[in-house]
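Peer 1: let me see the structure of the following:
(one chain, ligands or ions: 3)
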Amino acid sequence: MRIVGIEGTAWAASAALYDTETDEVHIESDPYQPDSGGLHPREAAEHMGSAIPSVVSTILDRADETADGPGLDVDAVAFSQGPGLGPCLRIVGTAARSLAGTLSVPLVGVNHMVAHLEIGRHRSGFDSPVCLNASGANAHLLGYHDGRYRILGETMDTGVGNAIDKFTRHLDWSHPGGPKVEQRAREGEYYDLPYVVKGMDFSFSGIMSAAKDAVDDGVPVEDVCAGLQETIFAMLTEVAERALSLTGTDELVLGGGVGQNDRLRAMLASMCEQRGADFHAPEPRFLRDNAGMIAVLGAKMYAAGDTVSIPESAVDPDFRPDEVPVTWRGDAESVVRDPAVSGTIRGAEATVTVDRERVIKRRLPKAYRHPALDDRLRAERTRAEARLTSAARRVGVPTPVVYDVDPTEGTLVFERVGDADLAAALGPDRCRAVGRHLATIHGAGFVHGDPTTRNVRVGDERTYLIDFGLGYYTDHVEDYAMDLHVFEQSVAGTATDPAPLLSAFESGYEDVGDDAVRARLRDVEGRGRYQ
Ligand SMILES: C[C@@H](O)[C@H](NC(=O)OP(=O)(O)OC[C@H]1O[C@@H](n2cnc3c(N)ncnc32)[C@H](O)[C@@H]1O)C(=O)O
Ligand SMILES: Nc1ncnc2c1ncn2[C@@H]1O[C@H](COP(=O)(O)OP(=O)(O)OP(=O)(O)O)[C@@H](O)[C@H]1O
Ligand SMILES: [Fe+2]
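Peer 2: Numbers count the residues shown, from 1 in each chain. Ligands and ions are numbered 1, 2, ... in the order given. Model prediction:
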């Protein structure tokens with residue numbers, strides 16, 4: 001089978017020919033390079049208008065030269081249906097419809113973000129990996145479960161590449177900024193910047209303002225670049241590890257243009273090596289926006305009969321990857337695995353040794369993190385965990401007794417609680433209890449910071465909260481809402497029928513907590529993330 005792919009969501013006017021027999025992907029791209037500033041949607045669309053026809057024509061010549069028999073020997077035309085810049089998408093959509101019409105072949109509408117992840121799965125041969133998409137306009141973790149890609153974690157503000165590009169615009173560097181920051185960082189010394197991870201979500205706005213301020217205050221720009229990369233990529237690596245730990249899988253793939261960064265790839269490889277997981281990063285030509293990934297996913301969709309009629313083929317600038325019905329994978333496949341049960345549990349952050357009555361938790365150094373950042377995070381989190389585990393007990397939320405704490409070594413000793421993680425024993429009553437517990441600690445002025453189903457222990461009559469290492473005192477409704485969001489995302493990402501669990505959880509929160517928090521939660525969920 002041979003598929004033509006067309007990509008043009010933002011900057012890359014690209015066409016490709018994919019042959020399923022040989023697995024060969026031929027890509028022809030023409031990038032749009034703004035004269036100054038960032039991407040201008042109108043200029044980008046003008047670029048697409050002239051560049052798409054020419055890259056498509058080059059690919060059709062190639063199809064002609066390599067055709068088996070008469071005609072172009074093309075079975076379908078796949079195109080990026082979204083997300084992306086509306087004016088660009090519309091040009092690509094029109095080009096794809098007209099090409100499919102001319103060739104009299106079906107049209108396949110591909111979600112660009114799912115293509116970024118499927119190319120990694122395809123090239124690696126992994127079954128059901130977690131995928132970290134690190135692109136310009138996005139940054140999220142995806143895992144397949146029950147017919148859809150679930151978002152396990154994502155940026156709460158801008159995409160990772162856009163965050164870096166905004167920093168370089170402040171320095172008047174030309175677009176794109178990512179490669180320039182990578183180069184300057186090589187000459188710099190690590191500089192401390194804010195680190196923001198909430199469960200498997202993260203945000204870049206605080207770190208970006210701090211980085212700009214640092215440059216304005218005279219900190220050498222190469223040091224800020226080094227600090228920026230160390231911090232942002234450590235955050236992405238940490239959330240990727242959290243997703244591996246939550247799902248129990250041991251396969252990670254990388255997607256997106258920022259994935260071309262050597263330091264990010266090295267950190268992810270090191271994290272996976274340290275925890276015994278397999279890691280795959282596709283070649284750079286498949287990481288940055290390209291039509292090859294559109295053609296490869298297009299072929300899988302076409303083989304599954306997943307084509308679109310012309311009236312259904314409208315583009316969608318906000319097309320989320322979790323909206324895509326995944327027709328090309330089996331319903332029984334899943335990213336969720338049963339975690340190995342043994343005396344020592346490897347969480348995302350720590351190694352936990354459980355005996356009959358006690359649990360010893362060790363935050364061992366992470367080889368992927370800069371030592372200064374690693375020391376700081378391990379000590380801060382160990383201290384916060386001891387303090388907030390006890391503070392929660394004092395306000396009546398079941399938590400383990402803290403027997404001992406050593407922040408320098410990153411070690412804690414706890415009472416052993418519960419018989420299972422909530423992840424392995426989900427039920428509405430337990431979710432309701434978690435809702436009440438979170439409302440109670442919020443009432444006491446602090447957040448948990450990472451309330452996933454793996455950080456709740458259940459057993460006898462009680463539901464315990466554990467792992468307060470990311471918690472902190474705050475009176476912001478937004479921070480409380482994020483706790484709810486993290487819990488709901490961990491349920492929605494792994495449960496087959498999340499709706500009754502989520503409504504029980506929210507009704508538990510409502511029993512004790514403030515209504516403004518649930519209202520803000522809706523706001524957090526509805527926020528457009530593609531900036
Ligand atoms: C929706 C779609 O249009 C969008 N595409 C996109 O963002 O292009 P992509 O090729 O995946 O990523 C471009 C980003 O990748 C960054 N980038 C490129 N090389 C880099 C490097 N060596 N280090 C860090 N960032 C790099 C650029 O600075 C830019 O922000 C997306 O996938 O989110
Ligand atoms: N006090 C405890 N009693 C019983 N089991 C525990 C206790 N503390 C931890 N565990 C077990 O160890 C696992 C990992 O612990 P914890 O969540 O504290 O580590 P972590 O590395 O921070 O994990 P993650 O970051 O992935 O949530 C828990 O999911 C739970 O199964
Ligand atoms: Fe992209």
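Peer 1: now do residue 371 against residue 230, distance only.
Peer 2: 10 Å (CB to CB, to the nearest Å). All C-beta atoms are positioned from the backbone trio N, CA, C, and that covers glycine.
Peer 1: those two: which has the busier surroundings?
Peer 2: Using other CB atoms under 10 Å, the more surrounded residue of residue 371 and residue 230 is residue 230, with 25 against 11.
Peer 1: so which residues of the stretch 201-350 of the chain form helices?
Peer 2: For the stretch 201-350 of the chain, the helices defined by DSSP state H, counting those that start in this stretch occupy 205-216, 221-247, 262-275, 284-287, 291-303.
Peer 1: now the longest one: mean pLDDT?
Peer 2: When you say that, I think you mean helix 221-247. For helix 221-247, mean pLDDT is 96.
Peer 1: what angle do that helix and helix 262-275 make?
Peer 2: In this structure, helix 221-247 runs at an angle of 40 degrees to helix 262-275, with axes from the mean of the first three to the mean of the last three CA atoms, to 10 degrees as the basis.
Peer 1: chain center to helix 221-247: distance?
Peer 2: Taking CA atoms, centre = their mean, to the nearest Å, one finds helix 221-247 lying 12 Å from the centre of the chain it belongs to.
Peer 1: up against ligand 3, what does the stretch 201-350 of the chain have?
Peer 2: Taking CB under 5 Å from the ion as the criterion, the stretch 201-350 of the chain approaches ligand 3 at residues residue 289.
Peer 1: need the residues of the stretch 201-350 of the chain near ligand 2, please.
Peer 2: Taking CB under 6 Å from any ligand atom as the contact definition, the stretch 201-350 of the chain meets ligand 2 at 242, 245, 345, 347, 348, 349, 350.
Peer 1: just confirm yes or no for the strand or helix carrying residue 141 near ligand 1.
Peer 2: Residue 141 is located in strand 139-145, with elements delineated by DSSP states H and E. No: using CB under 6 Å from any ligand atom, strand 139-145 stays clear of ligand 1, with a minimum separation of 8.4 Å.
Peer 1: which stretches in the stretch 301-450 of the chain count as strands?
Peer 2: For the stretch 301-450 of the chain, applying DSSP state E, counting those that start in this stretch gives strands covering 344-346, 351-354, 358-362, 402-406, 411-415, 420-421, 446-447.
Peer 1: out of those, which one sits most buried?
Peer 2: Taking mean count of other CB atoms under 10 Å as the contact definition, the stretch among the strands of the stretch 301-450 of the chain with the greatest mean neighbour count is strand 446-447, which reaches a mean of 24.
Peer 1: show residues contacting that strand.
Peer 2: 388, 391, 441, 471, 472, 473, 474, 479, 480, 482, 483 (CB atoms under 8 Å, 6 or more residues apart in numbering).
Peer 1: state the mean pLDDT of the next helix or strand after that strand.
Peer 2: Toward the C-terminal end, the helix or strand that comes next after strand 446-447 (DSSP H and E) is strand 456-459. The predicted model gives strand 456-459 an average pLDDT of 95.
Peer 1: list the buried residues in strand 456-459.
Peer 2: 456, 457, 458 (16 or more other CB atoms under 10 Å).
Peer 1: rewinding a little: just checking, what packs against whichever helix or strand comes after the strand holding residue 141?
Peer 2: Per DSSP H and E, strand 139-145 leads on to strand 148-154 as the next helix or strand towards the C-terminus. The criterion is 3 or more CB pairs under 8 Å, 6 or more residues apart in numbering; DSSP states H and E, and the helices and strands that strand 148-154 contacts are strand 139-145, strand 201-202, helix 221-247, helix 477-494.
Peer 1: partner strands of strand 148-154, with direction?
Peer 2: Applying DSSP bridges to the sheet, strand 148-154 is found paired with strand 139-145 (antiparallel).
Peer 1: next, the angle helix 477-494 makes with the partner strand.
Peer 2: Taking the same axes, to 10 degrees, one finds that strand 139-145 is oriented at 30 degrees with respect to helix 477-494.
Peer 1: and strand 139-145, what's its mean pLDDT?
Peer 2: Looking at strand 139-145 alone, the average pLDDT works out to 96.
Peer 1: ditto for stretch 202-210
Peer 2: The pLDDT scores in stretch 202-210 average 96.
Peer 1: repeat for stretch 512-519
Peer 2: Averaging pLDDT along stretch 512-519 yields 95.
Peer 1: pull the residues that contact it.
Peer 2: Contacts to stretch 512-519, defined as CB under 8 Å, 6+ apart, come from residues 435-436, 438-440, 442-443, 477, 480-481, 484, 506, 509-510.
Peer 1: CA atoms only: put it into CSV for me.
Peer 2: Backbone C-alpha positions of stretch 512-519 (Å, rounded to 0.1, in the frame of the first residue of the first chain) are rendered in CSV as follows:
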residue,chain,number,x,y,z
VAL,A,512,-16.7,19.3,52.9
GLY,A,513,-15.1,21.8,50.6
ASP,A,514,-15.6,25.1,48.9
ASP,A,515,-17.8,25.3,45.7
ALA,A,516,-15.4,27.9,44.2
VAL,A,517,-12.8,25.1,43.8
ARG,A,518,-15.1,22.9,41.7
ALA,A,519,-16.0,25.9,39.6
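Peer 1: who's in contact with the residue in the stretch 1-150 of the chain that ligand 1 sits nearest to?
Peer 2: With CB to the nearest ligand atom, the shortest gap between the stretch 1-150 of the chain and ligand 1 falls at residue 136, namely 2.2 Å. With contacts defined as CB under 8 Å, 6+ apart, residue 136 is in contact with 10, 11, 159, 160, 161, 162, 165, 176, 256, 257, 258.
Peer 1: look up phi and psi at the closest residue to the second one other than its chain neighbours.
Peer 2: Read that as residue 11. The shortest distance from residue 11 to any residue other than its chain neighbours is 4.7 Å, reached at residue 32 (CB to CB, 6 or more residues apart in numbering). Phi and psi for residue 32, reported as degrees, to the nearest 10, are phi -90, psi 130.
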